[in-house]
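K.L.:
next one to model:
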Amino acid sequence: VWSHCTHSYVHPTWRSLHRGALLRELPCCAARALMLKSLVFGGANPVASVGRVGALPIHTATHPHSRAVHYSPDSTKYRKRSAAGSVATLSAMRDAQVDVCVVGGGLGGLALAIALQELGLNYVVCEAAEELRTATGTLIGLGDNGMNALESISPDIPKKLKERAQLTTQSETDVYPIDPSQPHEHTLNPLKHELFTLRWAATQNVLADLVDPEYVRCGHKCTGYSETDEGLIAVHFRDQPDIKAQLVVGADGVRSAIRRTMFPKDPGPRFLGFMNWNAVRPVPGSSAEPDSHKIRVIKDRDADGNFSTMVFLINAGMDYQFWQVRATYNAPEFTNGSYGGGGVPGSKERLLGRINQLGWGEVAQEIEATDESLIYERATWDRLPLTTWAAAGGKVLLLGDAAHAMYSGPGQGARMAFEDAHQLMVALKQHWPDSAAVSQQYQAARIQRVTMIQNIAASMTNIPGMAKDFTSFWKELEPPVEQPFTRFMETQRWLNSYPNHMHGLPDSKYMSVENLKAFNDHCAAVSANHQYQYMPSKPKVLELVADSHK
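P.N.:
Below you'll find the model as predicted:
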């Protein structure tokens, strides 16, 4: 009763504050009781001495009960809440109107949820799945920019992630020319910046464990949003009541319902010319092996420098091994009439056939040792860059893949989402509840930088002619002989300088503010010369289109 009363009704004086945040600030039960009386029955503010900056409280309490209780993300606390009884009624009252509704409980959405907790805002996270996902078979790499963003949100996050990650320090690459008369190439290079590799699931668990489960709603599949007469945004769900919010953040992935509502004519996800197979499997002792600090890359190469098959072998920390096979295709080709996903029957046999034909025994051994149920088959997609991430006067924003899904080649997808969450936190802290000002600052900090990364990623894909057209900018900018390695190193230096120099390095030949803007303009212009394969965002339509490609 105490928990649900304090979280389900907030006196208008304190509505802008995080539900129960003031209660956690108070170091004794008597003070909490006084606060509860004020919240439920009205009356004067009993804690006028609590420091505030604008609408946000200053968190200064040191009492052990002053912090929220967190639960393991593996617990049933994160499952869809029951629709029966008074608990459901009180939850509905609590969700009827919030400051911020975060649509999507992935990495970006949960990172933002932690930021909202730190700011003391009244929020809810709505996830379509019945439970927060942990089985994806994927890995993420976190460099300085991702870690800096997360540390700025909460110092606990990078500390916990590093405990579960593998520190990689070298990249080892084997290139096998398709022409057998050409020599095999082997390189071993040190990484210039720290890179921590870990399972997507481990990252998700760390973030989820820092989010109060009272504010997570699983089983809430978003279908769109609309504006209300009161000036709020009503978020619509399948078989769930609407939630009204002053600010809605769409962090709902590459097939975002929020983005689809925001831009109804947006063509949807773009096929990038690759099929992926990947898995994470437990290998006892693997994180202590002598080569566990290396990123292994194995690929073939044609006369034009393009590959048809590329493999990554990476240790994912905590004695887990990750592998991924990426192969070029002109259209999505799923196994045995499936639509991809985990454990597709026949996917392992299909993959082994391709790898054995190439004669890559090391890779074949990894696949053989992996149960088919752990193998995920996916087509690769991105989204076209946007010139705005906001609608409804700044009351609806996009974050993460919903705003900028990109090819995974540069390894920046999760890092950009964490940067998004951090910069939105900064804008909220400075301007809340002025959503227009929040939106303006957030977009100014993010769009040009992220568009640059999207364009770099797109130039690495298998879309015909795109690499040549996009990279022609650098050849025109530079002396006759281009220096791609130098450009790559400057790109890494720029990215890892975050949060400094977000829009370019002042002393860089390639990554200056002027060149980055000019590169984005160039890519926008030449993109019009290409034909793309799109997948509509609606899943039922997506399945039909995917089926027609086979």
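
K.L.:
who are the neighbours of whichever strand or helix holds Ala525, in terms of helices and strands?
P.N.:
Using DSSP states H and E, Ala525 sits in helix 513-527. Taking 3 or more CB pairs under 8 Å, 6 or more residues apart in numbering; DSSP states H and E as contact, the helices and strands that helix 513-527 lies on are helix 435-458, helix 466-477. (C-beta placed from N, C-alpha, C; glycine too.)

K.L.:
which residues are in contact with the shortest one?
P.N.:
By CB atoms under 8 Å, 6 or more residues apart in numbering, the surrounding residues in contact with helix 466-477 are 455, 458-461, 482, 484, 487, 510, 515, 518-519, 522-523, 526, 529-530.

K.L.:
repeat for stretch 521-534
P.N.:
Under the contact criterion CB under 8 Å, 6+ apart, stretch 521-534 has outside partners 267-271, 331, 384-385, 455, 458-459, 463-466, 469-470, 472-473, 549.

K.L.:
please repeat the previous calculation with a cut-off of 10 Å.
P.N.:
By CB atoms under 10 Å, 6 or more residues apart in numbering, the residues outside stretch 521-534 that reach it are 266-273, 330-332, 379, 381-385, 387, 451-452, 454-456, 458-459, 463-466, 468-474, 476-477, 545, 549.

K.L.:
what average pLDDT does it get?
P.N.:
Stretch 521-534 comes out with an average pLDDT of 93.

K.L.:
and it, end to end?
P.N.:
End-to-end span of stretch 521-534 (CA to CA, to the nearest Å): 22 Å.

K.L.:
now it: buried residues?
P.N.:
Neighbour counts over stretch 521-534 (16 or more other CB atoms under 10 Å) mark His522, Cys523, Val526, Ser527, Gln533 as buried.

K.L.:
want to throw these into TSV with distance to Asp239?
P.N.:
Converted to TSV, those look like this (distance: CB to CB, whole Å):
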residue	distance to Asp239
His522	46
Cys523	41
Val526	44
Ser527	39
Gln533	32
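
K.L.:
quick one: the nearest residue to Met406 once chain neighbours are set aside from Phe485, how far?
P.N.:
Counting by CB to CB, 6 or more residues apart in numbering, Ala457 is the residue found nearest to Met406 once chain neighbours are left out, at 4.2 Å. Distance of Ala457 to Phe485, computed by CB to CB, to the nearest Å: 18 Å.

K.L.:
now swap in Glu194 and tell me
P.N.:
Using CB to CB, we find Glu194 at a distance of 20 Å from Phe485.

K.L.:
higher neighbour count, these two?
P.N.:
Neighbour totals were compared for Glu194 and Phe485, and Glu194 leads with 14 against 9 (other CB atoms under 10 Å).

K.L.:
for that one, what are its contacts?
P.N.:
Leu142, Gly143, Asp144, Met147, Lys162, Leu167, Thr168, Thr169, Asn496.

K.L.:
per-residue confidence at His7?
P.N.:
In this prediction, His7 carries a pLDDT score of 34.

K.L.:
quick one on the thing from earlier: can you redo the helices and strands packed on helix 513-527 as TSV with distance to Leu188 and mean neighbour count?
P.N.:
Output for these, formatted as TSV (distance: least, CB to CB, whole Å; neighbours: other CB atoms under 10 Å):
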stretch	distance to Leu188	mean neighbour count
helix 435-458	24	21
helix 466-477	26	16
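
K.L.:
dump those to TSV, plus distance to Gly317 and mean pLDDT.
P.N.:
Output for these, formatted as TSV (distance: least, CB to CB, whole Å; pLDDT from 0 to 100):
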stretch	distance to Gly317	mean pLDDT
helix 435-458	25	98
helix 466-477	33	89
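
K.L.:
turn these into JSON lines, columns for distance to Glu118.
P.N.:
As requested, the helices and strands packed on helix 513-527 are exported to JSON lines (distance: least, CB to CB, whole Å):
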{"stretch": "helix 435-458", "distance to Glu118": "16"}
{"stretch": "helix 466-477", "distance to Glu118": "38"}
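
K.L.:
is it correct that Leu110 is in contact with Val249?
P.N.:
No - with contact defined as CB atoms under 10 Å, Leu110 does not reach Val249; the gap is 11.9 Å.

K.L.:
give me the common contacts of the two.
P.N.:
Joint contacts of Leu110 and Val249 (CB under 10 Å, 6+ apart) are Val102, Gly104, Val125, Ala421.

K.L.:
could you pull out the helices for the stretch 301-450 of the chain?
P.N.:
For the stretch 301-450 of the chain, the helices defined by DSSP state H, counting those that start in this stretch cover 347-358, 361-368, 401-404, 413-431, 435-458.

K.L.:
Gly341: which of those helices is closest?
P.N.:
Closest approach to Gly341 among the helices of the stretch 301-450 of the chain (CB to CB): helix 347-358, 9.4 Å.

K.L.:
quick one: mean pLDDT for that closest one?
P.N.:
On average, the pLDDT along helix 347-358 is 97.

K.L.:
and the residue nearest to Met406, what is it in contact with?
P.N.:
Here Ala457 is in contact with 272, 382, 404-413, 416 (CB under 10 Å, 6+ apart).

K.L.:
ditto for Leu384
P.N.:
263, 266-270, 404-405, 454, 458, 524, 527, 532, 534.

K.L.:
what do you get for Thr491?
P.N.:
Thr491 neighbours (CB under 10 Å, 6+ apart): Pro410, Met452, Ile453, Ile456, Leu505, Ser508, Tyr510, Met511, Leu516.

K.L.:
and for Lys348?
P.N.:
Lys348 makes contact with Trp277, Ala279, Thr335, Ile367, Glu368, Thr370, Asp371, Glu372, Ser373, Leu374, Ile375, Glu377, according to CB under 10 Å, 6+ apart.

K.L.:
how much space is there between the fifth one and Gln324?
P.N.:
Spelled out, it's Glu368. 16 Å.

K.L.:
again with the second one
P.N.:
According to CB to CB, Ala279 and Gln324 sit 8 Å apart.

K.L.:
who's more crowded, these two?
P.N.:
Ala279 (25 against 19).

K.L.:
what are the bridge partners for the more buried one, then?
P.N.:
With DSSP bridges as the criterion, Ala279 is bridged to Trp323.

K.L.:
ok, it touching Ile314?
P.N.:
No - when contacts are counted by CB under 10 Å, Ala279 is not listed as touching Ile314 (11.6 Å).

K.L.:
so what sits against both of those two?
P.N.:
Counting by CB under 10 Å, 6+ apart, the residues touching both Ala279 and Ile314 are Leu139, Gln321, Phe322, Trp323, Gln324.

K.L.:
now the buried members of the residues you listed.
P.N.:
Buried by 16+ other CB under 10 Å: Leu139, Gln321, Phe322, Trp323, Gln324, out of the shared contacts of Ala279 and Ile314.

K.L.:
looking at these, which one is closest to Ile243?
P.N.:
Among those, Leu139 lies closest to Ile243 (CB to CB), at 33.1 Å.

K.L.:
pull the contacting residues for that closest one.
P.N.:
Applying CB under 10 Å, 6+ apart to Leu139 gives the contacts 165-166, 197-203, 278-280, 312, 314-317, 320-324, 411, 414.
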